[in-house]
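Visitor: Here you go, sequence then predicted model.
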Amino acid sequence: MATTNLIDKLVENSQFAYVPYSHFPVSALLVTKSGEIYTGVNIENASFGLTNCAERTAIFKAVSEGVLDFTEILIYGETEQPISPCGACRQVMAEFFNPDLKVTLVAKDKSTVETTVGELLPYSFTDLK
């Protein structure tokens, strides 16, 4: 189970979401094997196809700094039930994470659901490397 400190940081980070259109902040927190933390928020754009999700923001920040070894990702949305990543984020997660990497989904009341990347995207499109 994710620690309370990680969940508190995840929720606090959601204030940085840029959501002038949906007003729906999402936050992601990615933990590396060395204990570093990379955060991300959703960043919207008037051209909706150019919007970037919180999960991909955190992943791309880490990868752009050469970090490729992760232990877990936590995802928060201001929802009644824990939020789940979209299909695009699931595919990016499958590209950069092991299928057994822990994914913790967090609701606004801080309730959680734990799953894995493999459970979120079975039969992923990853065997082309």
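Guide: On my side now, so go ahead. Numbering: from 1, shown residues only.
Visitor: For residue 87, grab the count of nearby residues.
Guide: Look at residue 87: counted by other Cβ atoms under 10 Å, it has 9 neighbours. Bear in mind the C-beta positions are built from the backbone N, C-alpha and C, glycine included.
Visitor: Setting aside sequence neighbours, what's the nearest residue to the residue sitting nearest the centre point of the chain?
Guide: In the chain, the centroid-proximal residue (Cα atoms, centre = their mean) is residue 55; its distance is 3.0 Å. Spatial nearest neighbour of residue 55, excluding adjacent residues (Cβ to Cβ, 6 or more residues apart in numbering): residue 89 at 4.1 Å.
Visitor: Show me what the helix or strand containing that neighbour is in contact with.
Guide: Residue 89 belongs to helix 87-96 when assigned by DSSP states H and E. With Cβ atoms under 8 Å, 6 or more residues apart in numbering as the test, helix 87-96 has contacts from 53, 55-56, 59, 63, 68, 70, 73, 85, 101, 103, 117, 120-121, 124-126.
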